[in-house]
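> Sequence plus the predicted model coming up.
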Amino acid sequence: MANSNPAVEVTNLAKHYGDVVALRDVNLTINAGEYFVLLGPSGGGKTTLLRTIGGFHKPTIGTVKLHGQDVGNLPPDKRPTSMVFQSYALFPHMTVLGNVGYGLKIAGLGKNEVRDKSMAMLDVVGLNGFENRKPHELSGGQQQRVQLARALVLDRDILLLDEPLAALDAQLRKDMCLELKHLQEKVGITFIHVTHNQEEAMTVADRIALIADGDLVEFGAAQDIYREPDKGFTASFVGENNVLTGRVAKVTKTITDVLIGEHSVITPTRGLAPSVGDEVTLSIRSELVEVGGKGKPTGGYAIEATYEESVYLGLTTTYLFRLANGQTMMSRVISDGDSQKMNPGDKITLSWRTGAMRLHTA
Amino acid sequence: MSDQKKQGAGQTPGTSSSDLSRKLSTLLFISPLIFMFLFFALPMMFTVVFSVFERTMFWMEPGFTLFAYENFFLSARFNNFLESMYYSLISVIVCFILGFPIAVFVRKSVPQVAQHRVVLLFILPFMVSEIIRVFALRPVLQRNGLVNQTLQSLGIIEEPITSILYTHTGVVIGEVMSFLPFIVFSGFLAMEAIPKYIFEVCSDLGVRPLRVFKDVIIPLAAPGVFAGSVFIFINGLGVALIPNILGGPGAVNAGLIATQAIVALDMPMAMAISAIMTATLMGLLFIGHKLFDITKILSPAS
Amino acid sequence: MENEYANVWVHRLKWAYLLLIVVTLMSPVLYIMYISFNEYGFGANRYSFTWEWYWLIFGDRILLQALKWTMLLAVSTTVIAVPLSLIAAKYYRSTRNKLLPIFLLMSPLFVAPDIMGSALLVYFKNLNRVFSWIGEQLGTGMFDTWFDLGFMTTLIGLIIYTVPYSFIVIIITMGRYHDQQTEAARACGASGWQAFRDIEFPQIRAGVFSACAFTVILCFNEYTRSSLLKGGFDTFTTVLISEMLNTGMSEQSYAMSSLVSFVAIAIIGSIIIFTMIRADAMTRQARLKENPVGS
């Protein structure tokens, strides 16, 4: 790709529906050839953002630039994007081959060329031999692959995917995730993928943007978002984090003293700027909380909690506890046979290192 | 939704042609509304204006007089009008009693795929000209008509029944026969909003049929039934043919009065009647809209 | 899914009631058809089957002429009203303020035919006067007869009458269509018009054709508005009615009415049968969906 511009630049984007604000001041840059995921809770605006990039919504404020060009209010058919939808988007009255070749036909290619290209793309997505089927004769996974073929055969620079795996069952979803990632690596174009499922996001993404309640909360590589979330919301949405609320007692440039209940906890300020008396949150990944230690570890904290219940998920087991001030905490471990037996109501000590905590002001 | 559909212009300068095509396509999309406004809304609104014009020998002159209204309200015509309202109302009630259970039955007990087809059965009579159906009732209801002949040959009666034609009863029968399908349609359409599982849930919970009817069906079907009833009521008032052909000597309804006025070249009177009917209709629709949102009828699932 | 408890007889009773009502509603028409085949006409005590009256129709020039006009009106109305309803339906689906379109498009249903006819008649005549007056001022006679009572005024009246019906049919058909398909087509590069032509229309085609059939039948059967607005020529229904009112129903009239009814019933009957066949095909498809071939 000779174009050195980023694939997508979204500047000051806002979308209003009357009084309802679907998107609020979004600024985002997506690089060419990247697999970018828009992650977030339902109704939070990620689909709105995707569809605005695709040309299905008109921005209320702000601009969208694709490969350096301001696309203004161009309709979807005039943008360098193609799209894969959640469901119901295959043309039921056409065969698989007809579906895949539709865009090429519209573009004016000759019949033979259309057929050759479509067949080649069907091969790429693994649907050889299916060309004469009708959509209703395909399973969910197969239908999504037809959509992919239909979108990719157009050879456009940006592929938009709107919750493409939502209608599939869990195992199929896992398989398709990997397929999508391999496909993107093979084809090399920019993929922008919307989902509310974290696992999906982390499997496929180079970078993830978290969108909730109309705001772009945070973005970055999967690892960074997971291990070092910047915003409190990110911590509460991605991974299984403990999120404790407390009040700032003292602030210095390097450390902040937070009061959680009666416990005073000292945590790195991390470049934030809280004021004394502010309400802040601390996040601790549940897998970094140890259960039943013998008191305070060096360079860490311990707290007394009451055991409530455990959730067994096969690979991991999560233990749920309640603190004296009513807040909850959890600890997640790899399940093993001789895990300690605890009874509801037992008083257990929970401990973690200082480095495991992250301060969040927002 | 795709509010992009109608727009085609980017923001590159100098694209006045795509601006034009955007304006043209917007125009295209509202052309039906413009047409309806010009040739329906406007004429109906003008009936009010024309009704206060002064009557001349062959037409009317612009002016302002309430003569037509006085003439109407203070004459026997007004009593006839009220009477026809009364009988229309009876027709509506009869239609409801006879027809609504059918709509409920189809919705509840007929397999989903067949439902539309069964409702289509009720389009059949409607496909025959309204006038033919009304006229066809004469040979059926007459002294020596089908009904009487059958009843007599079955020995149920000895003398032919004469009270079913050229009377108010005849008019009601005519209205019911003409408009019953509409209660079935509108009731059914309204109940498409009721998913079938509701009936199953109710029978699971052991709710007695009457309560199901009262608490579930009536509220959900109400907008549709109301619309259907208004349709039947207004048509009962307005279709001149029915009292003309089936009614007795004094039977008139608003439609007949209006047509007679036109024949007599009393245009302001005809307009006054139209205006009154339109006002009645507006009033009923307004009440309906306040009570339930009528737009729901067409998109029950949304 | 049907209730499987022991009330089979109640179910049957309800079906019987339904069919009874349909038959009762149809009975006058059926009776007319019965009469139309009788050599001895109405009211006679003897009955002898004959096609005589039907042959006579084709010799009745007035009737045929009227039929021709009605055909012309019906086709013209369909050609204008159905596309109008289609456009209106698309607009309705995509706009947020739905009250105004519904009001404008559906109100004609609730206005009695006589009232609508009278209002339009007076409106047109006055429009003519206004236009003539403007023409006088401008020194031209070219505006004089735009809205004379005649073909065009009848056409307009019929369009107003039928638009609500075809609108409803089309909206209901569109209800099964997923707008995502249009979006997918746009994403493939199709313009709005191309997406409609290639993707949406094939799927709503049945509804559009039903609307056309419906409209033709409605026009054929319409009396009141046509009679008020038609001016000089006669339509099928007006000839029939004037005959009935003046000379009493002739035998040809019975035959004619029956003929038109036959045709109408045949059309609707075939639509019903056609949708039955499609419904069967669709249940077969649905069953296939649940057990897809391979995975």
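Thanks, I have it.
> how about the residues of the stretch 1-150 of chain A that lie near chain B?
Contacts of the stretch 1-150 of chain A with chain B, taken as Cβ under 8 Å from any Cβ of the partner chain, map to A:55-58, A:70-76, A:78. (Each C-beta comes from the backbone N, C-alpha and C, glycine too.)
> Of these, which ones also sit close to chain C?
Near chain C, by the rule Cβ under 8 Å from any Cβ, you find A:55-56, A:75-76 out of the residues of the stretch 1-150 of chain A next to chain B.
> ok, and the most crowded of those?
A:G55 (27 neighbours; other Cβ atoms under 10 Å in any protein chain shown).
> you'd agree that one is up against A:V71?
Yes: judged on Cβ atoms under 8 Å, A:G55 makes contact with A:V71 at a distance of 7.0 Å.
> Between the two, which contacts overlap?
A:R79 (Cβ atoms under 8 Å, 6 or more residues apart in numbering or on different chains).
> one step back: the ones next to chain C among the residues of the stretch 1-150 of chain A next to chain B: which two are farthest apart?
A:F56 and A:P75 (8.5 Å; Cβ to Cβ).
> quick one: which of the ones next to chain C among the residues of the stretch 1-150 of chain A next to chain B is nearest to chain B?
Distances from chain B to those, taken as Cβ to the nearest Cβ, are shortest for A:P75 (4.8 Å).
> Phi first, then psi, for that closest one.
phi -70, psi 170 (degrees, to the nearest 10).
> what residue is smack in the middle of chain A?
Taking Cα atoms, centre = their mean, the centroid of chain A lies closest to A:L39, which sits 2.8 Å from it.
> Sorry, slip of the keys, the one I care about is chain C.
Nearest to the geometric centre of chain C sits C:T215, at 2.6 Å (Cα atoms, centre = their mean).
> got the contact list for that residue?
So C:T215 contacts C:74, C:77-78, C:81-82, C:162, C:165-166 (Cβ under 8 Å, 6+ apart).
> Reformat these as JSON lines; add secondary structure and distance to chain A.
Formatted as JSON lines, the contacts of C:T215 follow (DSSP: H, G, I helix; E, B strand; the rest coil; distance: Cβ to the nearest Cβ, whole Å):
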{"residue": "C:A74", "secondary structure": "helix", "distance to chain A": "30"}
{"residue": "C:T77", "secondary structure": "helix", "distance to chain A": "29"}
{"residue": "C:T78", "secondary structure": "helix", "distance to chain A": "25"}
{"residue": "C:A81", "secondary structure": "helix", "distance to chain A": "26"}
{"residue": "C:V82", "secondary structure": "helix", "distance to chain A": "21"}
{"residue": "C:T162", "secondary structure": "helix", "distance to chain A": "28"}
{"residue": "C:Y165", "secondary structure": "helix", "distance to chain A": "26"}
{"residue": "C:S166", "secondary structure": "helix", "distance to chain A": "23"}
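> Now those residues in TSV, please, with extra columns for distance to A:T256.
Listed next are the contacts of C:T215 as TSV, based on distance: Cβ to Cβ, whole Å:
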residue	distance to A:T256
C:A74	83
C:T77	78
C:T78	77
C:A81	73
C:V82	72
C:T162	75
C:Y165	72
C:S166	70
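> quick one: which of these is nearest C:A195?
So of the contacts of C:T215, ranked by how close each gets to C:A195 (Cβ to Cβ), first place is C:V82, at 19.9 Å.
> Which stretches in the stretch 51-200 of chain B count as helices?
B:67-73, B:76-109, B:112-121, B:123-127, B:130-141, B:146-153, B:168-191, B:197-205 (DSSP state H, counting those that start in this stretch).
> quick one, domains of chain A?
Domains of chain A are assigned by automatic domain parsing as A:8-227, A:240-360.
> Buried deepest among the ones you listed, which one?
Highest mean neighbour count among those (mean count of other Cβ atoms under 10 Å in any protein chain shown): domain A:8-227, with a mean of 19.
> so how far is that one off the chain centroid?
Distance, stretch centre to chain centre, for domain A:8-227: 14 Å (Cα atoms, centre = their mean, to the nearest Å).
> same thing with stretch C:93-110?
Centre-to-centre, stretch C:93-110 and its host chain are 20 Å apart (Cα atoms, centre = their mean).
> Spatially nearest residue to residue 95 (excluding sequence neighbours)?
Chain wasn't specified; assuming chain A. Nearest non-adjacent residue to A:T95, counting by Cβ to Cβ, 6 or more residues apart in numbering or on different chains: A:N132, 5.3 Å away.
> actually it's chain C I care about, not the one you picked
C:P101 (6.8 Å).
> Against chain A, how distant is the closest residue to chain B within the stretch 151-295 of chain C?
Going by Cβ to the nearest Cβ, chain B is nearest to C:N221 of the stretch 151-295 of chain C, at 3.4 Å. Distance check for C:N221 against chain A: by Cβ to the nearest Cβ, to the nearest Å, it reads 34 Å.
> In contact with the closest residue to that residue other than its chain neighbours, which residues?
Spatial nearest neighbour of C:N221, excluding adjacent residues (Cβ to Cβ, 6+ apart): B:S129 at 3.4 Å. B:S129 makes contacts with C:220-223, C:237, C:257, C:260-261, as judged by Cβ under 8 Å, 6+ apart.
> and which of those is nearest to chain A?
C:F220 (32.1 Å).
> any idea how far A:P6 is from the closest one?
64 Å (Cβ to Cβ, to the nearest Å).
> Comparing the two, which residue is more hemmed in?
Of the pair C:F220 and A:P6, C:F220 is the one with more neighbours under other Cβ under 10 Å, namely 21 against 17.
> so the more buried one is in which element?
Taking DSSP states H and E as the criterion, C:F220 maps to helix C:201-221.
> moving C-terminal of that helix, what's the next helix or strand?
helix C:224-229.
> That next one near chain B anywhere?
Yes: using Cβ under 8 Å from any Cβ, helix C:224-229 reaches chain B at C:224, C:228.
> so what's whichever residue of chain A sits closest to chain C up against?
Residue nearest to chain C within chain A: A:G103 (3.4 Å; Cβ to the nearest Cβ). Shown in contact with A:G103 (Cβ under 8 Å, 6+ apart): A:82, A:150, A:153-154, C:188-190.
> Confirm that it sits in a helix.
Yes: under DSSP: H, G, I helix; E, B strand; the rest coil, A:G103 falls within a helix.
> Might you list the low-confidence residue ranges for the stretch 1-150 of chain B?
Within the stretch 1-150 of chain B, the ranges that satisfy pLDDT under 70 run B:1-18, B:56-58, B:60, B:113.
> at 80 instead, please
B:1-22, B:51-77, B:107-121, B:123-136, B:138-150 (pLDDT under 80).
> Equivalent analysis for chain A, please.
A:1-5, A:88, A:261-262, A:292-299, A:336-341, A:362.
> Would you mind finding the longest strand in it?
strand A:300-312 (DSSP state E).
> What strands line up against that strand, and which way round?
strand A:316-323 (antiparallel), strand A:347-353 (antiparallel) (DSSP bridges).
> Off-centre distance for it?
Worked out by Cα atoms, centre = their mean, strand A:300-312 lies 29 Å from the chain centre.
> Using PDB, write out every CA atom in that strand.
Taking C-alpha atoms only, strand A:300-312 is exported to PDB below (Å, rounded to 0.1, in the frame of the first residue of the first chain):
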ATOM      1  CA  GLY A 300       2.400  -5.600  49.900                       C
ATOM      2  CA  TYR A 301      -0.900  -5.500  51.700                       C
ATOM      3  CA  ALA A 302      -3.100  -7.900  53.600                       C
ATOM      4  CA  ILE A 303      -6.700  -7.500  54.400                       C
ATOM      5  CA  GLU A 304      -9.300  -9.600  56.400                       C
ATOM      6  CA  ALA A 305     -12.300 -10.800  54.400                       C
ATOM      7  CA  THR A 306     -15.200 -13.200  54.900                       C
ATOM      8  CA  TYR A 307     -15.400 -16.000  52.400                       C
ATOM      9  CA  GLU A 308     -18.700 -16.300  50.600                       C
ATOM     10  CA  GLU A 309     -18.600 -18.700  47.700                       C
ATOM     11  CA  SER A 310     -16.600 -20.000  44.900                       C
ATOM     12  CA  VAL A 311     -17.200 -20.300  41.200                       C
ATOM     13  CA  TYR A 312     -15.600 -23.200  39.400                       C
END
